[in-house]
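Engineer: got a sequence here, can you build the structure:
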Amino acid sequence: MLSDTGRPPRLRKFWTLAFSMAVVLGAMPVGPSRAQTTETRITGTPEVIDADILKFGKQRVILWGIDAPEIRQGCVMNGAFWGCHDAAKRQMQLLAGRGEVTCTFKGDPDPFGRRYGVCVSGGQDLNAELVKAGLALAFEEQSEDYMPQMADAITAGVGLWQVGVNFEEPWLFRRRETPGGYR
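Structural biologist: Residues are numbered from 1 along each chain as shown. Next comes the predicted model:
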């Protein structure tokens, strides 16, 4: 049986329900535990998974063009163990904890669906700030974007570049210690 509009009543009910759900879902607020995603970026309050990996809901974002010490990677400072990974992760927690973070995706996702991104909070490029603090390296295999910040960190002698610190490049450590060399 057709209605007065020429459509079956079930179809009209379906579209009414679909439209109502779209309105309700579109009006839901975005808070710290919920992130907005578009094709080119993601915005929200991320969880810091690692010094160079943020997580917005289920989406992980690996910071583009930089590489920080791995969790199992130790550094040596003046002959004693130094938790360089822990120092780098704490710095990223400080940087990302200042407010909403927006990561603009770069390149293709990795084999696990994780995206690479340049992440900004309060007008600061978090990737650049971690490198400037000497707690991540510019990852030249991916990009030369952060080479000037690494040169500044070396000149200032901060983080991994302090006098008396010995470390292995994170990508070399990962290739040796992690199957496939993935983060």
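Engineer: can we go C-alpha only for contacts and neighbour counts from here?
Structural biologist: OK.
Engineer: for residue 19, give me the pLDDT.
Structural biologist: At residue 19, the pLDDT value in this model is 43.
Engineer: residue 6 too?
Structural biologist: pLDDT at residue 6 comes out at 54.
Engineer: now residue 45: how far from residue 55?
Structural biologist: Counting by Cα to Cα, to the nearest Å, the separation of residue 45 from residue 55 is 9 Å.
Engineer: mind checking which of the two has more residues around it?
Structural biologist: Applying other Cα atoms under 10 Å to residue 45 and residue 55 shows that residue 45 carries more neighbours, namely 24 against 18.
Engineer: low-confidence ranges in this protein?
Structural biologist: Applying pLDDT under 70 to the chain picks out residues 1-38, 180-181.
Engineer: tell me the domain boundaries of it?
Structural biologist: Here the domain assignment for the chain is 1-29, 31-181, based on automatic domain parsing.
Engineer: quick one, what contacts residue 128?
Structural biologist: By Cα atoms under 8 Å, 6 or more residues apart in numbering, the residues touching residue 128 are 146, 149.
Engineer: my error: substitute residue 46 in the last question.
Structural biologist: Here residue 46 is in contact with 32, 54, 55, 56, 57, 96, 101 (Cα under 8 Å, 6+ apart).
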